[in-house]
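A.B. asks: sharing a model prediction with you, sequence too.
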Amino acid sequence: MTTSAGLVIVGSGPAGYTLANQLAALGFSGPITLVGDEAHPPYDRPPLSKEFLLGDETTLALQPSLAPGVRLLTGCRAVAIHAQERMLELADGSRLAWSRLVLATGTRARTFPGSSLCGNVMSLRTLDDAREIRTRLRQSSRIAVIGGGPIGLELAACAHQLGITTTVIEAADRLMSRSAPKAIAEHLLVHHRSHGVQVELNAQVTRIDEGVVYLQGGRAVPADLVVVGIGVLANDDLARQAGIACDDGIFIDGFFRTNLPDVFAIGDVTRQRNPISGRLERIETWFNAQGQALALAQHLAGAGSVAPYAEVPRYWSDQGKLRLQCAGLVEGEVQASRGEVTSGFLHGLWSDGRLVGLAAINAPQDFNFLRRQIGREDSITPAQFISGEFRSLQSCSPPAGAPPSPASLQPARAGADQGGVEQSLAEQSAGVAACPLTDIDEGGIGSTTLSDGTRVAIYRLRGEEVFATDDRCSHGASSLCDEGALEGYVIECGLHLGSFDIRTGKAVATPCTKSIRTYPAHVRGGTIWIATQAESTAT
């Protein structure tokens with residue numbers, strides 16, 4: 001069986017899903033087919049090593065639902081690309097004709113040499129993996145995690161929360177040697193050990209037997225469950241067999257093109273040029289998969305800029321109550337730190353006078369501002385970083401050309417024009433006195449909690465110009481107040497690429513597509529007052 005030619009996307013993970021949905025939203029002409037080898041519809045992957053293991057499956061849902069115009073094929077494995085015929089062959093013998101082909105085939109877990117993933121030895125990569133691990137965790141009293149990278153440490157934190165004796169075994173002399181600066185690794189080590197997780201560094205695993213992990217030197221670590229997290233390999237076999245240039249990843253240019261005409265690649269499987277290091281690298285992050293997908297959708301739909309994709313790599317990792325955020329490089333000629341983990345820790349890296357890397361623990365707002373400085377010729381200096389002077393550099397003015405506030409959301413001013421907002425508040429009740437105006441810096445974010453427990457984020461732009469919205473991002477569990485970044489009239493989610501207009505609550509960037517509620521706000525007598533009922537309902 002063959003189908004009429006259209007756009008075919010191989011891989012239904014977040015990159016493939018986002019591309020298909022965004023193309024549909026942009027009015028892409030022609031059929032779109034999304035081919036996934038898993039039996040499940042598309043799902044979000046970051047929660048698999050965090051909330052999902054603790055029992056929360058709601059975090060897996062991707063929003064919005066797959067667009068009606070997208071044809072989804074689940075449980076279908078692509079086995080061959082016939083470039084001359086422009087056909088994709090599936091394992092069941094059927095063929096899909098394509099005018100353009102996108103490979104979003106992702107990665108697979110590395111296995112420990114001499115050990116197969118069976119019995120009590122597992123890896124965590126897919127939903128099926130996570131479900132099996134979650135079941136086994138509840139049957140185990142001891143777990144060994146081989147590999148001290150982000151996923152391994154997230155899993156270890158979850159296992160410890162479940163009351164399981166947990167050991168992390170890392171071959172290097174520190175944690176997260178490829179993904180975080182050394183200063184961050186030292187804090188992570190203290191954090192996990194202080195919470196009861198056993199961490200073995202410089203620990204070489206010699207073999208894994210049923211129920212025991214043996215280390216070089218003769219030490220044995222008993223474990224009811226062993227999870228191997230020692231990195232991934234690119235799923236580039238399909239591309240390689242078709243003559244596409246690969247080296248543990250598909251080589252792409254700034255427009256996601258491979259060396260075959262009309263064949264593109266996005267997501268973890270790609271080897272792209274890092275805009276900070278200049279090296280061709282695989283960037284295995286949720287942000288990169290999302291960013292590439294959104295940019296390619298613009299390109300294919302003819303709606304994007306002609307500039308090549310050059311987003312600074314970044315990621316986040318939740319390890320218990322510790323939130324780690326990193327952007328750019330993990331090494332630099334000059335390094336500086338400020339703050340404490342308990343109140344917010346920042347670590348910056350500079351090379352050739354430019355900020356090239358940034359890492360933060362429990363300091364999302366500072367991180368979201370400073371990451372925009374990475375790579376700039378006029379980026380913040382180490383001295384400004386250490387002193388905290390960078391906070392005064394944050395712009396509190398709306399961007400040039402920003403439209404005026406809608407009349408219904410204009411902040412109250414002293415005098416006659418204050419009556420409209422006063423009347424709106426009076427109709428809903430007197431509102432609540434949230435905080436003194438001076439408690440929130442211009443360009444800053446504050447919060448209040450209503451009597452029903454609803455937390456509201458408050459934004460102060462200039463003077464008495466204030467707005468208020470729901471605190472929670474509509475795409476995930478991120479707090480806009482604690483983790484968001486305010487730029488003009490737009491609040492950006494601290495975890496995702498999504499953002500909202502604080503005047504209307506409308507989502508202005510994917511993956512956020514649902515609006516958030518807004519609350520009338522004004523200043524009276526030097527105090528910010530917030531209505532107790534939302535003005536608009538999230539849709």
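C.D. replies: Perfect, thanks for sending it. Numbering: from 1, shown residues only.
A.B. asks: for the strand or helix carrying Ala360, what is the average pLDDT?
C.D. replies: Using DSSP states H and E, Ala360 sits within strand 354-361. Mean pLDDT, computed over strand 354-361, is 97.
A.B. asks: try stretch 264-274
C.D. replies: Averaging pLDDT residue by residue across stretch 264-274 gives 97.
A.B. asks: again with stretch 375-395
C.D. replies: Mean predicted confidence for stretch 375-395 is 82.
A.B. asks: pull the residues that contact the strand holding Ala360.
C.D. replies: Counting contacts by CB atoms under 8 Å, 6 or more residues apart in numbering, the residues outside strand 354-361 that touch it are 180-181, 183-184, 187, 276, 322-332, 341, 344-350, 366-367, 370-371, 373-377, 379-380, 385. From N, CA and C alone the C-beta is placed, and that goes for glycine too.
A.B. asks: stretch 23-30 too?
C.D. replies: With CB under 8 Å, 6+ apart as the criterion, stretch 23-30 contacts 6-7, 32, 67-70, 99, 297-298, 300-301, 303, 510.
A.B. asks: again, 6 Å this time
C.D. replies: By CB atoms under 6 Å, 6 or more residues apart in numbering, the residues outside stretch 23-30 that reach it are 6, 32, 67, 69-70, 297, 301, 303.
A.B. asks: how far out from the middle of the chain is that stretch?
C.D. replies: The chain centre lies 25 Å from the centre of stretch 23-30; the measure is CA atoms, centre = their mean, to the nearest Å.
A.B. asks: any buried residues in that stretch, and which?
C.D. replies: By 16 or more other CB atoms under 10 Å, the buried positions in stretch 23-30 come out as 23-24, 28.
A.B. asks: direction included, what does the strand holding Ala360 pair against?
C.D. replies: Strand 354-361 sits in its sheet next to strand 322-328 (antiparallel), strand 344-351 (antiparallel), going by DSSP bridges.
A.B. asks: CA-only coordinates of stretch 93-101, as CSV, when you get a sec.
C.D. replies: Extracted as CSV, the C-alpha positions of stretch 93-101 are listed here (Å, rounded to 0.1, in the frame of the first residue of the first chain):
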residue,chain,number,x,y,z
GLY,A,93,5.7,-3.7,4.1
SER,A,94,3.6,-0.6,3.4
ARG,A,95,5.1,2.5,1.9
LEU,A,96,4.5,6.2,2.5
ALA,A,97,5.2,8.6,-0.3
TRP,A,98,6.7,11.9,0.7
SER,A,99,7.5,15.2,-0.9
ARG,A,100,9.5,16.2,2.2
LEU,A,101,10.8,13.9,4.9
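A.B. asks: show me what counts as buried in it.
C.D. replies: Buried residues in stretch 93-101, counting neighbours by 16+ other CB under 10 Å, are found at 96-98, 100-101.
A.B. asks: just those now: which is nearest Lys50?
C.D. replies: Leu101 (33.3 Å; CB to CB).
A.B. asks: what about the residue nearest to that closest one when sequence neighbours are not counted, how many neighbours?
C.D. replies: Nearest non-adjacent residue to Leu101, counting by CB to CB, 6 or more residues apart in numbering: Val263, 4.8 Å away. Per other CB atoms under 10 Å, the neighbour tally for Val263 reads 23.
A.B. asks: hmm, Val263 is touching Leu103, no?
C.D. replies: No - if you go by CB atoms under 6 Å, Val263 and Leu103 don't touch, sitting 7.0 Å apart.
A.B. asks: where exactly do the helices run in the protein?
C.D. replies: 14-25, 127-137, 150-161, 182-194, 237-241, 286-300, 364-370, 382-387, 419-428, 480-483 (DSSP state H).
A.B. asks: present the ones you listed as JSON lines; the columns should include distance to Asp253.
C.D. replies: Shown next, in JSON lines, are the helices of the chain (distance: least, CB to CB, whole Å):
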{"stretch": "helix 14-25", "distance to Asp253": "17"}
{"stretch": "helix 127-137", "distance to Asp253": "32"}
{"stretch": "helix 150-161", "distance to Asp253": "28"}
{"stretch": "helix 182-194", "distance to Asp253": "32"}
{"stretch": "helix 237-241", "distance to Asp253": "15"}
{"stretch": "helix 286-300", "distance to Asp253": "11"}
{"stretch": "helix 364-370", "distance to Asp253": "29"}
{"stretch": "helix 382-387", "distance to Asp253": "34"}
{"stretch": "helix 419-428", "distance to Asp253": "52"}
{"stretch": "helix 480-483", "distance to Asp253": "33"}
